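K.L.:
here is the input, now give the coordinates:
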Amino acid sequence: MRIAMDTGGTFTDCVFVRDGRLEILKVPSTPDDPARAIMNAVAQVLSGADPELELTCGTTVGTNALLERRGGRVALVTTSGFEDVLEIGRQARPKLYDFFMDRAAPLVPSERRFGLRERIGADGKVVRRPTRADIAQVVRKVLASKAQSVAVCLLFSFSNSAHERLIASALRKAGFAVSVSHEILPEFREFERTSTTVANAYLVPVMSKYLADLGAKAARFTGGTKRPSVRIMQSSGGIVSAEVASREPVRTILSGPAGGVLGAQYVAELSGFSKIISFDMGGTSTDVALMDGGASTTNEARVAELPVAVPMLEIYTVGAGGGSLARFDRAGALRVGPESAGAEPGPICYGRGERPTVTDAHLILGRIPERGFLSGDFPLDVARTRKWMERARGPMRTVEQFAQGIVDVANAVMEKAIRVISVERGHDQRDYTLVAFGGAGGLHACDLAAALRIPRVLIPRLPGGLSALGILRAHVVHDYSRTVRMNVASVIGTRKALASEFKKLETRGRAVLRAEGFAGVRIRGERLLDMRYVGQAYELTVPESGDFLAAFHKAHERRYGYADAARSVEVVNVRARLIGVTDQPQLDRPRRSSRSKAATSVETRRALFNGRAYQTLVSDRAQLAPGQKFVGPAIVSEYSATTVVPPGWRGVVDSWGNLILTQGRRT
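P.N.:
From the prediction side, this is the model:
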């Protein structure tokens, strides 16, 4: 039994294969112990013990630990004289003209940052080798600091890691969990490398405890005959074993959203769309990504104001979800998010919350049936919602006006997020299809598409579990990199010169994959180059295959609006991605209906759109078959999500069961 889990702020989504068909299950999240919700789902899926259980999870444990500063007690060992690199950071200011803005405090305070008397030169040559006494002194200081985990990041260790190996070995013998920069991120840029290594060390105590607990609980379902296979989704779009994730948790920070990107790419390809914008709106946040033939990665992400330079899918996140709280600020303006009601207490309509949320607003507007979610197993309390929203509506004349305002503000936040990844990066959003999913994605998709002039919306099957589906279909991936700094005289010459560097990285990766049970054609490799014009401060990543120089110029023009073919170019980093190919479950193609091409409705209800009431048809998605059409206003209800089709929109069910929504007459 292969089961994939995506732990969200409100619900934990589970997708699995039973009798050859993909199925979905949603259970309430348990923020105090995320593993408990996962085990609740596994217990409902399995009818008995399964010795071959494979569990793959997307997790928010690392993200939340960084955001809430709930990581371990960390010590940092660095080259003597560079103890404050972590605090000095970069010159760039998040808010240029805010003189009263406080920079986020470093994860390691000054009293737990220790210098080792050693020096490696920029060319990788040893300038000063640390003595045994130097190393012993640092170990004693770390022991006295009572640290749970240690980050080691020495100057120029990406060129020569000998000294890092010495101090790391001594610290491990002393019983510490050690994160070493040449293992985590063997690249230049001292601040980013230090920050990433420290973030990893900060998450190790939290993540290792969570994964150990998850593995122990999962073992109860294998009958004690075999240890279950537990894997974790990485931010880069690949999965790794729980053991690797325990050592390198920094690679799992955007775990769940990465699964959503893979799921969106898969269903869009089935429907024939290669240029898409994925729109994943859950209970707490919204994640958007742009794909032109494939998902792109970045090594310049910031999480909780901290640079994290490991490969991540290019995902932009905003604090707007179904559970986002609405409030009036001191100036009387209506704000929505980033605070969320989460799973506890949840929106008002769930029966415990008392502060209005986006979900409550949709219920008041009549866009969510009172029977609620999960095929009626999760009913919503309309009377309670109206009572508490009446108390909170402030200067708004009616509860309905307040609800519409909440939806409009949430739309504005998400519209800005989509503009960041499209228009601001040189892409015309009119060339793309909006793939909307997550529990709340279908509620807002058409409004956003209309505002951004995106020509069509695709609502996939299993929209509330698409991230879990992406996780279930992910391959095992290991990423390796190294700084090389080499001028590009010619494509052929540079490729030959870099061959040995790639071979070292690939040999290491293939050995790891073979140890995990992969061999032969089940191991694939990808080569990437970080390139820039000589003198620039930042790089663009392009594939090493083909004419990578031309590919760089093209990428530079798309990102920055110009390219200079006469200017010298250099390769800064080489990257190797080793992929262990797993079996990928497929969506089945549903049968066409012999009934009328017009979609049938299960009820008619009153719903508000832009202040005007409409009699709105409500359809059960399970009864919609390929080829059937419908017109707005309409509501399509299903187990994992609700889709709203406003007036002026039309929809058709394609051959894969996906909903294709367009404005006007075209479908």
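
K.L.:
phi, psi for Arg128 please.
P.N.:
phi -140, psi 120 (degrees, to the nearest 10).

K.L.:
and it, what does it touch?
P.N.:
Arg117, Glu118, Arg119 (C-beta atoms under 8 Å, 6 or more residues apart in numbering). From N, CA and C alone the C-beta is placed, and that goes for glycine too.

K.L.:
looking at this structure, which residue reaches furthest from the middle?
P.N.:
Distance from the centre of the chain peaks at Ala133, with 44.4 Å (C-alpha atoms, centre = their mean).

K.L.:
so how far is Leu116 from that residue?
P.N.:
11 Å (C-beta to C-beta, to the nearest Å).

K.L.:
repeat for Leu55
P.N.:
For Leu55, the distance to Leu116 - C-beta to C-beta - is 41 Å.

K.L.:
now the helices for the stretch 101-250 of the chain?
P.N.:
Along the stretch 101-250 of the chain, counting by DSSP state H, counting those that start in this stretch, helices occupy 132-144, 162-173, 181-184, 190-218, 242-247.

K.L.:
now for the ones you listed, which one comes closest to Asn299?
P.N.:
Closest of the helices of the stretch 101-250 of the chain to Asn299 is helix 190-218, at 8.7 Å (criterion: C-beta to C-beta).

K.L.:
going along the chain, name the strands of the stretch 351-500 of the chain.
P.N.:
For the stretch 351-500 of the chain, strands defined by DSSP state E, counting those that start in this stretch occupy the ranges 433-437, 456-459, 476-487.

K.L.:
not counting the helix or strand containing Cys14 itself, show me its contacts.
P.N.:
Using DSSP states H and E, Cys14 maps to strand 11-18. Outside strand 11-18, the residues that touch it by C-beta under 8 Å, 6+ apart are 1-6, 22-30, 34, 37-38, 40-42, 45, 282-283, 343, 439, 462, 464-465, 467-469, 471-472, 585, 640.

K.L.:
low-confidence ranges, the stretch 251-400 of the chain, go.
P.N.:
372-376 (pLDDT under 70).

K.L.:
how about 90 then?
P.N.:
For the stretch 251-400 of the chain, the stretches with pLDDT under 90 are 253-257, 282-285, 292-307, 316-321, 323, 330-331, 337-346, 350-353, 369-380, 394.

K.L.:
who's in contact with the residue most central in space within the chain?
P.N.:
A centroid search over the chain (C-alpha atoms, centre = their mean) returns Pro257, at 2.8 Å, as the residue closest to the centre. By C-beta under 8 Å, 6+ apart, the residues touching Pro257 are Asp280, Asp287, Ala289, Leu313, Ile315, Thr317, Ser467.

K.L.:
next: Leu529.
P.N.:
Leu498, Thr541, Val542, Pro543, Glu544, Phe548, Phe552, Val571, Asn573, Val574, Arg575.

K.L.:
and what about it, helix, strand or coil?
P.N.:
At Leu529 the chain is in strand, as set by DSSP: H, G, I helix; E, B strand; the rest coil.

K.L.:
partner residues bridging it?
P.N.:
Val542, Val574 (DSSP bridges).

K.L.:
roughly how far apart are it and Gly20?
P.N.:
Distance from Leu529 to Gly20, by C-beta to C-beta: 42 Å.

K.L.:
next: Met389.
P.N.:
From Met389 to Gly20 the distance is 45 Å (C-beta to C-beta).

K.L.:
so between these two, which is more surrounded?
P.N.:
Met389 (26 against 8; other C-beta atoms under 10 Å).

K.L.:
tell me the contacts of that one?
P.N.:
Contacts of Met389 (C-beta under 8 Å, 6+ apart): Ile348, Pro356, Asp360, Ala361, Ile364, Val399, Phe402, Ala403.

K.L.:
go on, Gln44?
P.N.:
Gln44 neighbours (C-beta under 8 Å, 6+ apart): Leu25, Val27.

K.L.:
report how many residues lie close to the closest residue to Ala343 other than its chain neighbours.
P.N.:
Closest residue in space to Ala343, ignoring its immediate chain neighbours: Ser29 at 4.3 Å, by C-beta to C-beta, 6 or more residues apart in numbering. When neighbours are counted by other C-beta under 10 Å, Ser29 registers 26.

K.L.:
quick check, pLDDT for Ser29.
P.N.:
pLDDT for Ser29: 86.

K.L.:
quick check: it vs Gly342, distance?
P.N.:
For Ser29, the distance to Gly342 - C-beta to C-beta - is 8 Å.

K.L.:
mutual contacts of those two, please.
P.N.:
Joint contacts of Ser29 and Gly342 (C-beta under 8 Å, 6+ apart) are Gly9, Thr10.

K.L.:
go ahead and confirm Tyr432 touches Ile276.
P.N.:
Yes: counting by C-beta atoms under 8 Å, Tyr432 touches Ile276, with 5.8 Å between them.

K.L.:
which SSE is the residue nearest to the centre of the chain in?
P.N.:
Using DSSP H and E, Pro257 falls in helix 255-270.

K.L.:
give me the angle between the following helix or strand past that helix and strand 433-437.
P.N.:
For helix 255-270, the succeeding helix or strand toward the C-terminus, using DSSP H and E, is strand 275-281. Between strand 275-281 and strand 433-437, the angle comes out at 20 degrees (axes from the mean of the first three to the mean of the last three C-alpha atoms, to 10 degrees).

K.L.:
so what are the sheet partners of strand 275-281 and their directions?
P.N.:
Assessed with DSSP bridges, strand 275-281 is paired to strand 286-292 (antiparallel), strand 433-437 (parallel).

K.L.:
what are the buried residues along it?
P.N.:
Ile276, Ile277, Ser278, Phe279, Asp280, Met281 (16 or more other C-beta atoms under 10 Å).

K.L.:
over to stretch 560-574?
P.N.:
Those would be Ala563, Val569, Glu570, Val571, Val572, Asn573, Val574, for stretch 560-574 by 16+ other C-beta under 10 Å.

K.L.:
just to be sure, which of the residues you listed are found in strands?
P.N.:
Val569, Glu570, Val571, Val572, Asn573, Val574 (DSSP state E).

K.L.:
tell me the one among those residues nearest to Val618.
P.N.:
Nearest to Val618 among these, with distances taken as C-beta to C-beta, is Asn573, at 53.2 Å.
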